[in-house]
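Q: structure for this input, please:
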Amino acid sequence: MASRLAVSVSVAAPASSPSPAAIVAPPRLALRRGLPPPTCRALRTALPPRSRGAAVVCQAQGGQDTAIQVPDVSKSTWQSLVVESELPVLIQFWASWCGPCKMIDPIVGKLSKEYEGKLKCYKLNTDENPDIATQLGIRSIPTMMIFKNGEKKDAVIGAVPESTLVTCIDKYVGGR
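A: Prediction:
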């Protein structure tokens with residue numbers, strides 16, 4: 001008969017609130033969200049003598065927010081930032097209530113830094129700018145769309161792996 005091991009993800013801290021660097025997500029989920037690999041350690045908790053349990057404590061390396069903020073584009077800035085851009089542009093269509101959008105956001109931020117000088121990255125909130133989203137045929141978010149010389153060239157729909165976005169971007173930029 002297989003024994004069960006109860007594992008809970010929590011932050012072990014005294015009566016004070018946990019530090020902002022604490023991640024209350026399993027390490028694999030943190031990696032999928034583009035966060036740095038957490039450092040984890042298992043702690044014995046005050047459990048009855050016969051149980052075998054542990055609490056896992058994870059903290060992001062460096063203890064700081066590592067997400068790169070991607071600037072917003074709106075209806076008023078669309079022409080100057082996207083259509084008239086000399087560089088290819090990646091637009092992330094998103095909404096604040098969209099879970100998959102939040103998952104891919106750190107990946108887009110990371111790529112914006114890696115392709116700095118070769119690609120411009122912006123975010124467009126579809127709730128605040130429905131006209132542009134409708135005009136471009138956005139039916140699902142997150143959608144990442146690449147524009148070159150003001151023209152739509154390619155689109156990737158959904159919270160896809162970083163490698164999928166890199167493959168798409170490299171067609172128009174030519175590598176990091």
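Q: all helices in this structure, in order from the N-terminus.
A: For the chain, the helices defined by DSSP state H cover 27-32, 78, 99-114, 130-135, 162-173.
Q: tell me where the model's unsure across the protein.
A: 1-66, 175-176 (pLDDT under 70).
Q: now do the contacts for the residue lying closest to residue 118 once chain neighbours are set aside.
A: When the adjacent residues along the chain are set aside, residue 118 lies closest to residue 173, with 4.9 Å between them (Cβ to Cβ, 6 or more residues apart in numbering). C-beta coordinates here come from the backbone N, C-alpha and C atoms, glycine included. Neighbouring residues of residue 173 by Cβ atoms under 8 Å, 6 or more residues apart in numbering: 88, 115, 118, 119.
Q: need the contact list for residue 132.
A: Applying Cβ under 8 Å, 6+ apart to residue 132 gives the contacts 75, 78, 124.
Q: show the buried residues in these.
A: 78, 124 (16 or more other Cβ atoms under 10 Å).
Q: follow-up on the earlier one: need the helices of the chain in JSON lines (columns: distance to residue 92).
A: Shown next, in JSON lines, are the helices of the chain (distance: least, Cβ to Cβ, whole Å):
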{"stretch": "helix 27-32", "distance to residue 92": "17"}
{"stretch": "helix 78", "distance to residue 92": "14"}
{"stretch": "helix 99-114", "distance to residue 92": "5"}
{"stretch": "helix 130-135", "distance to residue 92": "12"}
{"stretch": "helix 162-173", "distance to residue 92": "10"}
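Q: what's the closest of the ones you listed to residue 69?
A: For residue 69, the closest of the helices of the chain is helix 99-114, at 6.6 Å, according to Cβ to Cβ.
Q: enumerate the positions of that closest one that are buried.
A: Buried residues in helix 99-114, counting neighbours by 16+ other Cβ under 10 Å, are found at 101, 103, 104, 105, 106, 107, 108, 109, 110, 111, 112.
Q: same check on stretch 143-162?
A: Residues of stretch 143-162 classed as buried by neighbour count (16+ other Cβ under 10 Å): 143, 144, 145, 146, 147, 148, 156, 159, 160.
Q: now do the last one against residue 108, distance only.
A: If I follow you right, that is residue 160. 11 Å (Cβ to Cβ, to the nearest Å).
Q: the second one too?
A: To residue 108, residue 144 is 7 Å away according to Cβ to Cβ.
Q: what touches both of these two?
A: 90, 92, 165.
Q: ok, so of the residues you listed, who is nearest residue 131?
A: Nearest to residue 131 among the shared contacts of residue 144 and residue 108: residue 92, at 17.3 Å, using Cβ to Cβ.
Q: bridging residues for that closest one?
A: residue 123, residue 144 (DSSP bridges).
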